[in-house]
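[1] Dropping the sequence and predicted coords here.
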Amino acid sequence: MSGKSLLLKVILLGDGGVGKSSLMNRYVTNKFDSQAFHTIGVEFLNRDLEVDGRFVTLQIWDTAGQERFKSLRTPFYRGADCCLLTFSVDDRQSFENLSNWQKEFVYYADVKDPEHFPFVVLGNKIDKLERQVSMEEAQTWCMENGNYPYLETSAKDDTNVAVAFEEAVRQVLAVEEQLEHCMLGHTIDLHSSSKSGSSCC
Ligand SMILES: Nc1nc2c(ncn2[C@@H]2O[C@H](COP(=O)(O)OP(=O)(O)OP(=O)(O)O)[C@@H](O)[C@H]2O)c(=O)[nH]1
Ligand SMILES: [Mg+2]
């Protein structure tokens, strides 16, 4: 199955101004705009990549973080394979709002099994000297809220941007593999007289 290209939808959520559009644009067009405008509603861009031998078309959905655009962004959460919860390391409030973003996503995307949904947390703008959130604090939040991967990025300097999107793909593939494994377990179970089939689901 490694020959087929997989279409994955990943969605960037987080407060207005944390750098979601800048991360997407850096990754897809390798450009950075220091005077970027706030996003209104949603925008998306595609990029093809290969991760661990799998060919993937990543459809990156960039949403408007400002509260007044809530009704324009939430209809687009459904069908997302991965959610990138983004904050800015120089903006404490954007870090404290991560839980709200997570809840908003789970609700509007109608995620059936939130505990196993692949979230990845990004602390952006690490090029800035005046930090308000330490790496340790962000890592602790990730551990306590679902053991999510945490990556520190800079869209400006192109630090860890590709790594972040690749990690999103890895998280989705890992969940997919687990599901395949479970389904295989059930198949074996149906034809087996013993009750020793897989019970991972
Ligand atoms: N220093 C620095 N500035 C950044 C970085 N990423 C984004 N910015 C700047 O931060 C501002 C906001 O960036 P955006 O990408 O528009 O933020 P956003 O999260 O898309 O904001 P909304 O569309 O309102 O939700 C812009 O002026 C960017 O140039 C970064 O890594 N480092
Ligand atoms: Mg934006």
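    Right, received. Where do you want to start? Ligands and ions are numbered 1, 2, ... in the order given.
[2] how about E177, secondary structure?
    Judged by DSSP: H, G, I helix; E, B strand; the rest coil, the three-state class of E177 is helix.
[3] do the one 3 residues further on as well
    Under three-state DSSP, the three-state class of E180 is helix.
[4] and the chain, which residues reach ligand 1?
    Residues of the chain lying close to ligand 1 (Cβ under 6 Å from any ligand atom) are 16-22, 33-36, 38-39, 64-66, 124-125, 127-128, 154-156. All C-beta spots, glycine's among them, are computed from the backbone N, C-alpha and C.
[5] confidence score at the residue nearest the centre of the chain?
    For the chain, the residue nearest the mean C-alpha position is L84 (2.5 Å; Cα atoms, centre = their mean). We have a pLDDT of 98 for L84.
[6] helix or strand for it, which one?
    Assigned by DSSP states H and E, L84 falls within strand 82-88.
[7] tell me which strands and helices that strand is in contact with?
    strand 5-13, helix 20-29, helix 92-96, helix 98-108, strand 119-124, helix 161-191 (3 or more Cβ pairs under 8 Å, 6 or more residues apart in numbering; DSSP states H and E).
[8] Please name the strands paired to that strand in the sheet, noting orientation.
    Looking at strand 82-88 with DSSP bridges, its partner strands are strand 5-13 (parallel), strand 119-124 (parallel).
[9] Tell me which of these sits most buried.
    For the strands paired with strand 82-88, the largest average neighbour count (mean count of other Cβ atoms under 10 Å) is found in strand 119-124, namely a mean of 27.
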